[in-house]
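Asker: Model the following, please.
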Amino acid sequence: MKSPDRRAQILAAAARLFEQRRFDEVLMEDIAKAARVAKGTLYSHFSDKEELYFDVVFGAICRLNAQLVQEAAEATDPADQLRGMIHAIVAFFADNRVFFRLMAAEDARSATGRSDHRRRWTRQRHEQTHAIAEVLEAGAEAGVFRIRHANMQAEILRGMVRSVLMSPAEGLGVDERVDIILKSFLEGVHNPSTSP
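Answerer: As a prediction, this is how the structure comes out:
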C-alpha cells in the first residue's frame with residue numbers, strides 16, 4: 001500500500017544519495033536500503049530512477065517557487081518584495097544544500113535535455129525567473145529600480161544568488177549574504193566619487 005509518509009521517506013533518502021553521487025552511480029537498491037524499504041516498495045511509488053530523481057528536484061523547486069510568489073504578495077514595496085524573494089532563495093538553499101547541488105546540476109543539463117522532465121525543469125526555472133522579473137518591472141514602474149531588460153536582469157540576479165551560494169560562507173549568515181547580493185545588484189561596485 002502506498003503512503004505519503006513512505007513516499008517522503010524514499011524521497012529524502014534519494015535526495016541524500018543524489019547529493020553524494022552522480023545520477024548514474026546511484027542504484028535503486030541503494031535508495032531502497034537508505035530508505036529502509038523493500039525494492040518492491042520503491043517501485044510501487046516510482047516507475048524508475050529518473051522519475052524518482054526528478055520528483056526530488058521538482059518537489060524542491062516547486063516549494064521554492066511557491067515561496068517566492070508568497071514573498072512577492074506579502075510586501076507592497078518592490079524593494080521589500082525583491083529582498084524577500086532573494087532572502088527566501090538564499091535561506092532555502094542554506095537549509096537544503098542537497099537541493100542546491102541537484103538544481104545546479106539540472107541547470108547545467110537543462111540546456112541540452114530533450115526529455116519531458118528536462119522541459120518541465122526548464123518551465124519551473126522560467127517561473128522563478130519570471131517571478132523575479134515581475135518584481136523588477138513593478139519596481140521600474142514605481143521608479144524604485146532602473147530596469148531595461150527585466151528577464152535578462154532577473155537571470156543576472158539569479159546567477160548572483162547562485163554564485164554567492166557556491167562561495168564559502170566565511171561565517172556569513174543568510175541576511176549578510178542577501179545584503180551582499182542586493183547591494184551588488186542594485187548599486188554595483190562602481191564608486192561614483194572616483195569618476196572624473
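Asker: Now Leu42: closest residue in space that isn't a chain neighbour?
Answerer: Spatial nearest neighbour of Leu42, excluding adjacent residues (CB to CB, 6 or more residues apart in numbering): Ala32 at 4.7 Å. Using the backbone N, CA and C atoms, a C-beta is placed for each residue, glycine as well.
Asker: Could you list the domains of the protein?
Answerer: Following automatic domain parsing, one gets these domains for the chain: 1-46, 48-194.
Asker: Report the distance from the first one to the chain centre.
Answerer: Distance of domain 1-46 from its chain centroid, counting by CA atoms, centre = their mean, to the nearest Å, is 22 Å.
Asker: Do me a favour and average the pLDDT over it.
Answerer: Averaging pLDDT along domain 1-46 yields 89.
Asker: So which residue is smack in the middle of this protein?
Answerer: Ile61 (5.4 Å; CA atoms, centre = their mean).
Asker: How is the residue nearest to Leu42 assigned, secondary-structure-wise?
Answerer: Ala32 falls in the helix class when you classify it by DSSP: H, G, I helix; E, B strand; the rest coil.
Asker: my guess is it meets Ala38, correct?
Answerer: Yes. With contact defined as CB atoms under 8 Å, Ala32 counts as touching Ala38 (6.5 Å).
Asker: What is the least confident helix or strand in this structure?
Answerer: Every helix and strand in the chain was compared by mean pLDDT, DSSP states H and E; the lowest is helix 97-110, with a mean of 66.
Asker: buried stuff in whichever helix or strand comes after that one?
Answerer: The helix or strand immediately downstream of helix 97-110 is helix 116-141, counting by DSSP states H and E. Neighbour-count burial for helix 116-141, counted by 16 or more other CB atoms under 10 Å, picks out 117-118, 120-121, 124-125, 127-129, 131-140.
Asker: Could you pull up the mean pLDDT of helix 116-141?
Answerer: Helix 116-141 carries an average pLDDT of 86.
Asker: pLDDT (mean, whole number) over the helix or strand following it?
Answerer: Toward the C-terminal end, the helix or strand that comes next after helix 116-141 (DSSP H and E) is helix 150-166. The pLDDT scores in helix 150-166 average 91.
Asker: Okay, buried residues for helix 150-166 please.
Answerer: For helix 150-166, burial by neighbour count (16+ other CB under 10 Å) applies to Ala150, Gln153, Ala154, Glu155, Leu157, Arg158, Met160, Val161, Arg162, Val164, Leu165.
Asker: Show me what secondary structure element comes after it.
Answerer: Elements were assigned by DSSP H and E; along the chain past helix 150-166, the next helix or strand is helix 174-187.
Asker: which helices and strands sit right next to that next one?
Answerer: The criterion is 3 or more CB pairs under 8 Å, 6 or more residues apart in numbering; DSSP states H and E, and the helices and strands that helix 174-187 contacts are helix 78-95, helix 150-166.
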